[in-house]
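Visitor: Attaching a predicted model along with its sequence, questions to come.
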Amino acid sequence: MHSHKAIVTGSGVAGLAVAIRLSVQGYAVTVYEKNGEPGGKLSIYKKDGYSFDTGPSLFTDADELKELFDFAGEDIAAYLSYHQLDSGCKYFFVNGKTFNTWTDKEKLAQESTEKIGEPAKNILRYLQKSEKLYERIGKVFLNNPLQKRYTWKKKAFFKALTSVRPRFLFSTLNEYHESAFTTGEAIQVFNRFATYNGSNPYTTPAMLSIIPHIELNKGVFYPEGGMISITDALYELALKKGVQFIFNTPVQRIICVNNNAKGIVVNDKNIFSDIVISNADIYFTYKNLLLDNRKAKRIEKKEKSSSAVVFLWGIKKQFSQMHLHNIFFSGDYKAEFKTLFQLKSVFKDPTIYVNITSKMEDGHAPEGKENWFVMINVPADSGQDWTKIIAFLKQQVLKKLRGMLKEDIEPLIETEKIISPPELAAATFANAGAIYGVSANTWKNAFLRHPNFSKEINGLYFCGGTVHPGGGIPLCLKSAKIVGEMVSNSE
């Protein structure tokens, strides 16, 4: 019999992971989810024989997921099959060059020299520094609650703090890359890592140079069945550990009495618990669940991360020159980010990401065809005319792909679904469709994200991509672990 009750609002990756952790720690856990299935942004769409992952499509830092299963005393292999890929991403440049980020270092170094003319030593030196930065500083910052006193007392934390060089805080990622590489292509490839948390490489701090380490040193993986298999595995594990799920049930409010979280209101009924964990967007949590307009406004004032327009295209042909992950770069990256973040508009020559899981396994597209997940970074929703923007973007994307692939794509599209920022906001409560909440375009926003606990309300915790340490599957799993450890420490 469990003596403590925990309620989790939302069943995104972090919500599922924290539910598992708390259940293992002895809590009776109930998860409330407004949608009919778990996963949040990590879900699936099927149509006309095509199957599309609709959210995150890059699987890195598989150790983070394995650690959760180990914590639960389960063998991950019984729930999920995955393997490491030979190559992370294939890049296509407007000048006709291509570049493959091989996971084999020697192969990557050779590719760098032969394909883009970047001296191999520069790439290898950069990745070495990226690893060192991650091991010395990144690990400590990403795995601990920065606003808790006990974190600051840790030797490792003090050591990490003293080894932070000013250039990593006050130089931009682009400036750092301009000093590390000699070719525009290498700079552009590594600048792109800023988009992994919806930020701008021309303003975000150089500390984000730890991100390439995760992908290029630690590797990229593919989960059998596609990314939805990660959601399915977490859900199955949660059920096995006794977590209860109540779907199609949006939470109306979090109950607070004398600065203590006491439960939630659903369907106008009070449901009590000892602790509450919100896996919802942090802005939505304050505005709608806590009715704290002051805090909500403070978050709203901060610059939002980018959002995305996604085209799910069933393509009646196979393209041998493309891989699982593909990037078709803009010819003017700096202007693209200026348009995104300053003008809050879409660029006429957008960078395009195309994910094709049918490259990895049969069944995701009919025979001889491919399932294209086509994503373009766009600004968060601030009332733009999205119908007009999407029509414009579609034409620009088709024009760009036609030029770079030397083939007209439009006649090959036999099924289509479009996801816009307002739809993303409606489906996941992401404020204005901003995928990562607040952008990391300043060092404060990058390193002082909203904490995983409430300073004012005891027993209230936060996890997910809009709080510390950030967005993406590995960081969401880390946020769940931080919450689990904080709950354990407070007992």
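Guide: All right, it came through fine. This one's a predicted model, so the numbers in the text were calculated from it and none came from an experiment.
Visitor: care to break the chain down by domain?
Guide: With automatic domain parsing as the criterion, the domains of the chain are listed as 1-40+59-64+225-302+437-491, 103-216, 307-428.
Visitor: those helices in the stretch 101-250 of the chain, which residues are they?
Guide: Secondary structure of the stretch 101-250 of the chain (DSSP state H, counting those that start in this stretch): helices at 105-111, 120-133, 139-143, 149-152, 155-162, 166-170, 173-180, 184-191, 211-212, 228-240.
Visitor: what's the closest of the domains of the chain to residue 77?
Guide: Nearest to residue 77, of all the domains of the chain, is domain 1-40+59-64+225-302+437-491, at 10.3 Å by CB to CB. Where you see a C-beta, it was placed from the backbone N, CA and C, and this is true even at glycine.
Visitor: just how off-centre is the closest one within its chain?
Guide: Chain-centre distance of domain 1-40+59-64+225-302+437-491: 16 Å, with CA atoms, centre = their mean, to the nearest Å.
Visitor: try stretch 90-109
Guide: Worked out by CA atoms, centre = their mean, stretch 90-109 lies 23 Å from the chain centre.
Visitor: Can you list the buried residues in it?
Guide: 90-93, 99-103, 108-109 (16 or more other CB atoms under 10 Å).
Visitor: on that earlier part again, just checking, which of the domains of the chain sits deepest inside the structure?
Guide: domain 1-40+59-64+225-302+437-491 (a mean of 21; mean count of other CB atoms under 10 Å).
Visitor: Ramachandran angles for the closest residue in space to residue 259 that isn't next to it in sequence?
Guide: Excluding its sequence neighbours, the residue lying closest to residue 259 (CB to CB, 6 or more residues apart in numbering) is residue 457, at 5.5 Å. Here is the backbone geometry of residue 457 (degrees, to the nearest 10): phi -120, psi 110.
Visitor: Correct me if wrong: residue 457 contacts residue 258.
Guide: No - using CB atoms under 8 Å, residue 457 makes no contact with residue 258, being 9.7 Å away.
Visitor: Dump the helices of the stretch 101-250 of the chain into TSV; add distance to residue 302 and mean pLDDT as well.
Guide: Below are the helices of the stretch 101-250 of the chain laid out as TSV (distance: least, CB to CB, whole Å; pLDDT from 0 to 100):
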stretch	distance to residue 302	mean pLDDT
helix 105-111	36	94
helix 120-133	25	96
helix 139-143	19	86
helix 149-152	23	76
helix 155-162	24	72
helix 166-170	18	74
helix 173-180	19	97
helix 184-191	22	98
helix 211-212	21	95
helix 228-240	29	98
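Visitor: Of those helices, which is nearest residue 360?
Guide: Closest among those, using CB to CB: helix 228-240, at 11.5 Å.
Visitor: Mind pulling up the pLDDT for residue 1?
Guide: pLDDT, residue 1: 45.
Visitor: go on, residue 416?
Guide: Value listed for residue 416 in the pLDDT field: 98.
Visitor: Surely it is in contact with residue 313?
Guide: Yes - assessed by CB under 8 Å, residue 416 is found in contact with residue 313 at 5.7 Å.
Visitor: Need the helices of the stretch 101-250 of the chain in JSON lines (columns: distance to residue 378).
Guide: Output for the helices of the stretch 101-250 of the chain, formatted as JSON lines (distance: least, CB to CB, whole Å):
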{"stretch": "helix 105-111", "distance to residue 378": "31"}
{"stretch": "helix 120-133", "distance to residue 378": "28"}
{"stretch": "helix 139-143", "distance to residue 378": "27"}
{"stretch": "helix 149-152", "distance to residue 378": "36"}
{"stretch": "helix 155-162", "distance to residue 378": "35"}
{"stretch": "helix 166-170", "distance to residue 378": "28"}
{"stretch": "helix 173-180", "distance to residue 378": "20"}
{"stretch": "helix 184-191", "distance to residue 378": "18"}
{"stretch": "helix 211-212", "distance to residue 378": "21"}
{"stretch": "helix 228-240", "distance to residue 378": "24"}
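Visitor: For residue 321, find the nearest of those helices.
Guide: helix 105-111 (15.2 Å).
Visitor: if you skip the residues just before and after it, what's nearest to residue 143?
Guide: residue 478 (6.1 Å).
Visitor: give the contact list for that neighbour.
Guide: 64, 142-143, 469 (CB atoms under 8 Å, 6 or more residues apart in numbering).
Visitor: and it, what element?
Guide: helix 473-490 (DSSP states H and E).
Visitor: now the angle from that helix to helix 228-240?
Guide: 20 degrees (axes from the mean of the first three to the mean of the last three CA atoms, to 10 degrees).
Visitor: worst-scoring helix or strand of the protein, pLDDT-wise?
Guide: Lowest by mean pLDDT, DSSP states H and E among the helices and strands of the chain is helix 443-447, with a mean of 69.
Visitor: so residue 41 sits right up against residue 14, yeah?
Guide: No - using CB under 8 Å, residue 41 is not in contact with residue 14, being 10.8 Å away.
Visitor: And residue 256, how far from residue 186?
Guide: 51 Å (CB to CB, to the nearest Å).
Visitor: Likewise for residue 268?
Guide: 58 Å.
Visitor: likewise residue 97?
Guide: Remark: distance between residue 97 and residue 186 (CB to CB) = 11 Å.
Visitor: what's the answer for residue 239, then?
Guide: If you go by CB to CB, the gap between residue 239 and residue 186 works out to 46 Å.
Visitor: and if you look at residue 203?
Guide: When residue 203 is compared with residue 186 (using CB to CB), they lie 20 Å apart.
Visitor: ok, now residue 293?
Guide: Taking CB to CB, one finds residue 293 at 46 Å from residue 186.
Visitor: The helix ranked longest in the chain: how far from the chain's middle?
Guide: When the chain is parsed with DSSP state H, its longest helix is helix 386-405. Taking the mean of its C-alpha atoms, helix 386-405 sits 24 Å from the chain's own mean (CA atoms, centre = their mean).
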